[in-house]
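> Provided below for reference: sequence and predicted model.
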Amino acid sequence: MNRILEQAINDGATPVAPVGSTVPDALGLSGIHKSFGSFTALNDINLTVKKGEFVCLLGPSGCGKTTLLRIIAGLESANAGQIVMLGRDVTRQPAAKRDYGIVFQSYALFPNLTVAENIAYGLKGRSQDKQTRVRDLLALIGLSGIEGKFPGQLSGGQQQRVALARALATSPGLLLLDEPLSALDARVREHLRREIRALQQRLGITTIMVTHDQEEALTMADRIVVMNHGHIEQIGTPDDIYAMPQSRFVAEFVGRANWLTGEVQPQGAVRVGDTQLWANKLPPLLDGRTVTLFIRPEAVVLHAHWQGGENTMLAHLGGVESLGGFCRVSLIVPAMNNLTLIADVSRTELARLNLQAGQRVPVSLPPHALRVFTDEAQVKA
Ligand SMILES: Nc1ncnc2c1ncn2[C@@H]1O[C@H](COP(=O)(O)OP(=O)(O)OP(=O)(O)O)[C@@H](O)[C@H]1O
């Protein structure tokens with residue numbers, strides 16, 4: 001077994017707790033508040049991260065995710081709130097007393113030091129032990145033999161892997177990643193995404209990563225924390241966030257969506273233009289209210305022939321855009337005031353339907369796939 005992996009396990013870094021044992025949470029944030037002058041950057045942030053979890057802080061530019069990561073790291077201080085790491089209150093501890101490794105967006109390696117010197121920078125002890133540690137870490141990140149190179153001789157992806165090795169060198173309890181992939185090109189980014197996730201799972205190291213890239217968060221995280229204007233909009237697994245967004249902001253920020261505005265009818269349907277739509281979980285007492293229905297493009301069903309049925313209508317085929325593995329079809333629905341729906345359809349399905357531009361296509365919006373929002377909040381059944 002790789003020595004680092006072995007050490008991580010000996011250090012107790014494995015994420016799975018024995019049945020019945022009480023493992024303290026890796027991180028607990030309560031009531032975190034941060035202002036810069038009169039500007040509130042973070043407002044009442046509460047979050048618990050379990051040992052071994054990979055959590056992504058996701059949100060648009062300026063929502064406060066980097067500020068939150070810096071507060072966890074002790075590089076910024078909060079105006080109010082408490083930070084607990086593995087049961088230890090570190091709120092007033094300086095950065096050096098908090099047990100974490102960090103990787104920033106820009107590689108932040110010392111250009112005048114070799115790879116080995118960069119990785120060993122924070123290590124204490126005998127030079128021979130350090131050499132062994134560096135060798136093990138380089139093997140761990142798949143870059144054995146580059147000890148003597150300088151950062152300038154490495155590609156961007158290699159530099160970020162070295163930065164990761166440096167962050168892991170002291171076997172920290174927590175790994176903090178601040179947009180570590182955003183300076184890399186798409187192919188390297190995708191590759192490193194998988195590598196970092198695999199490494200994190202093998203080491204069982206609790207990880208918090210800041211990203212504005214929803215795909216990154218959806219593919220890497222155990223849980224996603226969606227942030228907006230300094231507060232948390234939703235915390236959930238990638239599946240929860242994608243399929244059951246709790247606010248319109250989350251639904252719009254993560255993935256594509258169709259939005260349909262309609263009025264709730266006395267019998268419980270929602271009228272959109274001349275069409276009556278039924279949604280599962282439409283709660284009572286909404287008669288006459290204007291609501292917004294939400295459906296993901298891949299949930300829109302196209303039919304080869306008209307069969308009628310619930311939530312089925314005729315649309316005109318607007319256009320077909322190829323997006324590699326699937327196609328995005330735009331559909332204009334006359335019975336919904338010429339609203340344009342988008343549907344994501346596989347290439348096989350598209351070939352089966354044999355669609356021609358301008359053709360009339362029967363379209364269904366399955367009731368179970370329609371979610372209902374009033375103003376900002378999603379209506380809960
Ligand atoms: N030192 C500072 N002084 C004043 N305002 C700051 C400071 N640091 C951050 N801010 C403000 O706080 C808000 C949150 O910034 P933060 O960097 O945390 O956002 P972010 O979500 O990480 O965005 P990005 O993805 O663009 O880095 C922004 O409006 C930013 O301008």
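Nice, thanks for sending it over.
> quick one: low-confidence ranges for the stretch 101-250 of the chain?
107 (pLDDT under 70).
> what sits against the residue of it found nearest the ligand?
Closest approach of the stretch 101-250 of the chain to the ligand (Cβ to the nearest ligand atom) occurs at H212, with a separation of 5.0 Å. In short, each C-beta sits where N, CA and C put it, glycine included. Applying Cβ atoms under 8 Å, 6 or more residues apart in numbering to H212 gives the contacts 58-61, 65, 179, 182.
> Recalculate using a threshold of 10 Å.
57-63, 65-66, 179, 182, 227, 253 (Cβ atoms under 10 Å, 6 or more residues apart in numbering).
> same thing with Q105?
Shown in contact with Q105 (Cβ under 10 Å, 6+ apart): 66, 160, 177-184, 210.
> Keep only the contacts of H212 that also lie close to the ligand.
Residues of the contacts of H212 in contact with the ligand (Cβ under 6 Å from any ligand atom): 59, 61-63, 65-66.
> Same list, these, but as a markdown table with pLDDT and neighbour count please.
Below are these laid out as a markdown table (pLDDT from 0 to 100; neighbours: other Cβ atoms under 10 Å):
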| residue | pLDDT | neighbour count |
| --- | --- | --- |
| G59 | 95 | 28 |
| S61 | 92 | 7 |
| G62 | 93 | 13 |
| C63 | 95 | 23 |
| K65 | 96 | 26 |
| T66 | 95 | 20 |
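> Pretty sure L177 sits against I72.
No - assessed by Cβ atoms under 10 Å, L177 is found out of contact with I72, at 11.6 Å.
> Need the overlap of contacts for these two.
Taking Cβ under 10 Å, 6+ apart as the contact rule, the neighbours common to L177 and I72 are 57, 102, 208.
> So which of these belong to helices?
Among those, none falls in helices (DSSP state H).
> which ones are touching the one residue sitting closest to the centre of the chain?
In the chain, the centroid-proximal residue (Cα atoms, centre = their mean) is A217; its distance is 2.2 Å. Taking Cβ under 10 Å, 6+ apart as the criterion, A217 is in contact with 54-59, 209-211, 223-226, 238, 241, 254.
> could you redo the last one with a cut-off of 6 Å?
Contacts for A217 (Cβ atoms under 6 Å, 6 or more residues apart in numbering) come out as 56, 58, 211, 224.
> Identify the farthest-apart pair in the residues you listed.
Across the contacts of A217, the longest distance by Cβ to Cβ is 9.4 Å; it joins T211 and I224.
> These two: which is more packed in?
The residue with more neighbours, out of T211 and I224, is I224; 28 against 23, by other Cβ atoms under 10 Å.
> any idea which helix or strand comes after the helix or strand containing the more buried one?
In this structure, I224 sits in strand 223-228 according to DSSP states H and E. Downstream of strand 223-228, the first helix or strand assigned by DSSP H and E is strand 231-236.
> how close does I45 get to the ligand?
11 Å (Cβ to the nearest ligand atom, to the nearest Å).
> I'd like to know how many residues surround that residue.
For I45, the neighbour count with other Cβ under 10 Å is 23.
> so who does it touch?
29, 32.
> Likewise for E310?
For E310, the contacting residues are W278, by Cβ under 6 Å, 6+ apart.
> Quick check: phi and psi at it.
phi -60, psi 140 (degrees, to the nearest 10).
> pLDDT at it, what is it?
pLDDT recorded at E310 is 91.
> can you map out the strands along the stretch 251-381 of the chain?
258-264, 270-272, 275-277, 290-295, 301-302, 312-322, 326-333, 339-346, 360-364, 371-374, 377-378 (DSSP state E, counting those that start in this stretch).
> and the fourth one, what does it pack onto?
Judged by 3 or more Cβ pairs under 6 Å, 6 or more residues apart in numbering; DSSP states H and E, the packing partners of strand 290-295 are strand 258-264, strand 371-374.
> With just CA atoms, put the shortest one into CSV.
When you say that, I think you mean strand 371-374. Presented in CSV, the C-alpha positions along strand 371-374 are these (Å, rounded to 0.1, in the frame of the first residue of the first chain):
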residue,chain,number,x,y,z
ARG,A,371,-42.1,21.7,-10.1
VAL,A,372,-44.1,24.7,-8.8
PHE,A,373,-42.7,28.0,-7.5
THR,A,374,-44.5,31.0,-6.2
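> Quickly run through the sheet partners of it, with directions.
strand 290-295 (antiparallel), strand 377-378 (antiparallel) (DSSP bridges).
> Could you point out which of those sits nearest R133?
strand 377-378 (49.5 Å).
> So which bits of the protein are right by the ligand?
Proximity of the chain to the ligand, by Cβ under 6 Å from any ligand atom, involves residues 36, 41, 59, 61-67, 212.
> where in the stretch 251-381 of the chain is pLDDT low?
In the predicted model, the stretch 251-381 of the chain carries pLDDT under 70 at residues 283-285, 375-381.
> and the contacts of Q105, which two are the farthest apart?
Spanning the widest gap among the contacts of Q105 are T66 and L184, at 18.0 Å by Cβ to Cβ.
> and Q131, that one's in a helix?
Yes - judged by DSSP: H, G, I helix; E, B strand; the rest coil, Q131 forms part of a helix.
> sec struct for the closest residue to it other than its chain neighbours, please.
Among residues not flanking Q131 along the chain, A116 sits closest, at 7.3 Å (Cβ to Cβ, 6 or more residues apart in numbering). Of the three states, A116 takes helix under three-state DSSP.
> Make sure A116 is actually in contact with E147.
Yes - A116 lies in contact with E147 (Cβ atoms under 6 Å); the separation is 3.9 Å.
> Of the two, give the one with the bigger neighbour count.
Using other Cβ under 10 Å, the more surrounded residue of A116 and E147 is A116, with 20 against 17.
> about what we covered before: would you mind measuring from the residue nearest to Q131 to I205?
Distance, A116 to I205, using Cβ to Cβ, to the nearest Å: 22 Å.
> now A304
Counting by Cβ to Cβ, the gap from A304 to I205 is 51 Å.
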